[in-house]
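Colleague: coordinates for the following, if possible.
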Amino acid sequence: MRFLDHDDADDPILSVVNLIDVFLVVIGILMMVIVINPLNPFSSQKVTIVENPGEPDMRITIKDGRELTRYEAKGKMGEGQGMRAGITYRLDDGRMIYVPENAENSLDQP
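Modeller: Below is the predicted model of the structure:
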């Protein structure tokens, strides 16, 4: 009658149940990471992410609802049409101040 005195510690099904518990915890952690991610496809927020700011390979990703737009720096100087609108000064403490020019002064300059 040795077979009737079966020890529960040798049961392989208990090991499978423990593995399932571990996988459920991993799945729960992955779902929390997806929810916390600012680019989560299920959120309707407006989010702007700047990667590598000030570097030649800078990227800007804008999420507006379910629409993603990505802008990548090419390392070149931009050009276009327009007119000078003002001057920006950097203070000693790192702050930037924008001083708009008068409408009459901006028409005189190219």
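Colleague: the closest residue to residue 98 other than its chain neighbours: how many residues sit nearby?
Modeller: Distance criterion Cβ to Cβ, 6 or more residues apart in numbering; nearest residue to residue 98, sequence neighbours excluded, is residue 88 at 5.0 Å. For every residue, glycine as well, the C-beta is placed using N, CA and C. By other Cβ atoms under 10 Å, 8 other residues sit near residue 88.
Colleague: what strand or helix carries residue 88?
Modeller: Using DSSP states H and E, the element containing residue 88 is strand 86-90.
Colleague: so is the spatially closest residue to residue 62 that is not a sequence neighbour in a helix, a strand, or just coil?
Modeller: Nearest residue to residue 62 in three dimensions, chain neighbours excluded: residue 69, at 4.7 Å (Cβ to Cβ, 6+ apart). Secondary structure, DSSP: H, G, I helix; E, B strand; the rest coil: residue 69 is strand.
Colleague: residues in contact with residue 69?
Modeller: By Cβ atoms under 8 Å, 6 or more residues apart in numbering, the contact set of residue 69 is 61-63.
Colleague: if you rank the residues you listed by neighbours, which is first?
Modeller: residue 63 leads the contacts of residue 69 on contacts (other Cβ under 10 Å) with 20 neighbours.
Colleague: and it, helix, strand or coil?
Modeller: Going by three-state DSSP: residue 63 is strand.
Colleague: any idea how far it lies from residue 86?
Modeller: Separation of residue 63 from residue 86 (Cβ to Cβ, to the nearest Å): 30 Å.
Colleague: ok, which stretches of the protein are helices?
Modeller: 12-36, 103-108 (DSSP state H).
Colleague: average model confidence for the last one?
Modeller: So the one you mean is helix 103-108. Helix 103-108 comes out with an average pLDDT of 50.
Colleague: now do the first one
Modeller: Model confidence over helix 12-36 averages 87 on the pLDDT scale.
Colleague: fine, thanks again, bye for now.
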